[in-house]
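K.L.:
Please find the sequence and the predicted model below.
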Amino acid sequence: MWGRKSTLTDDDEVLGRHGHTDSMELPDGLELERSTREFDEKSVPAGLLSAHRVASGLWGRLVVTSGEVGFVFESDSDGGLGMGDDPDRRRMVGAGESVVIPPGRPHHLELTGPVTFRIEFHRPAER
């Protein structure tokens, strides 16, 4: 489920088949645009703990450097407004692991203890 890799030509083509991707790898053809500073359980912005989306044209990647954080893709059936109950939508992400976040896919973080992490933002490379 997590090993599939997609080729990026545009957001809709990558997401169009199922409305999401389950890959732990970023699609081909992206380059790092920017990265947040490192956050911990005390400095995490409140907005990351409630439903939000990565902007159109950008892909996110949550990178955990210590501890672990809960990552939740919001339920598709409620328009992204509520908590997804499907256990496949919830993942514990530990130190050295990452989660790829497609453009426009509602999600949030759940803190369970000490953690440090950053979020990278990637966009299609200029051709």
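P.N.:
That came through fine. Numbering: from 1, shown residues only.
K.L.:
could you pull out the strands for this structure?
P.N.:
30-35, 39-40, 59-73, 90-94, 98-101, 107-124 (DSSP state E).
K.L.:
Report the inter-axis angle for the fourth one versus strand 107-124.
P.N.:
Meaning strand 90-94. 70 degrees (axes from the mean of the first three to the mean of the last three C-alpha atoms, to 10 degrees).
K.L.:
you'd agree Leu111 is up against Val72?
P.N.:
No - under the criterion of C-beta atoms under 8 Å, Leu111 is not in contact with Val72, lying 11.7 Å apart. Heads up, the C-betas are built off the backbone N, CA and C, glycines and all.
K.L.:
Tell me which of the strands of the chain is the most buried.
P.N.:
Ranked by mean neighbour count, the strands of the chain are led by strand 98-101 with a mean of 21 (mean count of other C-beta atoms under 10 Å).
K.L.:
before we move on, back to that, make CSV out of the strands of the chain and add distance to Ala51.
P.N.:
Below are these laid out as CSV (distance: least, C-beta to C-beta, whole Å):
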stretch, distance to Ala51
strand 30-35, 22
strand 39-40, 18
strand 59-73, 9
strand 90-94, 14
strand 98-101, 13
strand 107-124, 5
